[in-house]
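>>> output the structure for:
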Amino acid sequence: MKMIKRLLFAFLLCLIIPSMSLAVGTVTPTTKYQSVAGSGYGLTQITLAWTADAAAGTVPSTDFVLCGTIQRMVTNPGTTAPTASYDISLTDADGIRLDATTLDNRHTTTTEQVILNIAGSAGGFQQMTHCGTVTFALSGNSVNSATGTLIIYLR
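From the prediction side, this is the model:
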């Protein structure tokens with residue numbers, strides 16, 4: 001009986017110890033709907049919180065559902081700042097970038113926003129409506145365990 005317990009204990013240690021040192025990157029999407037009571041108007045807010053891999057600094061591409069018209073996108077680097085000028089892309093199933101490259105070259109310490117391009121204003125993007133799966137991808141980061149968020153506001 002003691003021998004079986006020791007073998008079981010040794011087996012469990014072999015499973016637990018390697019997984020403790022394996023800190024892979026993650027992306028966690030959350031969706032929240034906000035409305036103004038009685039108005040019939042509302043916004044959907046999709047937040048993608050990401051953490052880079054602890055050893056390689058990479059962030060996994062992640063699929064999520066986006067349904068609506070993009071009004072505004074906000075990037076916020078976390079307390080462990082990513083590499084300067086990192087890029088984020090939002091790509092649909094046809095390979096079309098819904099962000100139109102406006103999420104490229106993000107700042108390493110400053111919160112930045114991209115808003116709907118109205119009458120040719122600089123720094124924005126053309127109105128984009130989509131309903132379906134979108135792939136979030138982050139590139140250009142080499143800081144291990146860097147963190148940040150992308151918030152997408154939809155109408």
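>>> in space, not sequence, find me the middle residue of this structure.
residue 48 (3.6 Å; CA atoms, centre = their mean).
>>> direction included, what does the strand ranked longest in the chain pair up with?
For the chain, the strand with the greatest residue count under DSSP state E is strand 62-77. Note on strand 62-77: by DSSP bridges, its sheet partners are strand 112-115 (antiparallel), strand 128-139 (antiparallel), strand 147-154 (antiparallel).
>>> tell me the first helix or strand C-terminal of it.
strand 87-92 (DSSP states H and E).
>>> which positions within stretch 44-51 qualify as buried?
44, 46, 48-51 (16 or more other CB atoms under 10 Å). Backbone N, C-alpha and C define where each C-beta goes, glycine included.
>>> could you do stretch 90-97 as well?
Quick answer for stretch 90-97 (16+ other CB under 10 Å): 90-92, 97.
>>> tell me how far the closest residue to residue 73 other than its chain neighbours lies from residue 38.
Among residues not flanking residue 73 along the chain, residue 114 sits closest, at 4.7 Å (CB to CB, 6 or more residues apart in numbering). According to CB to CB, to the nearest Å, residue 114 stands 31 Å off from residue 38.
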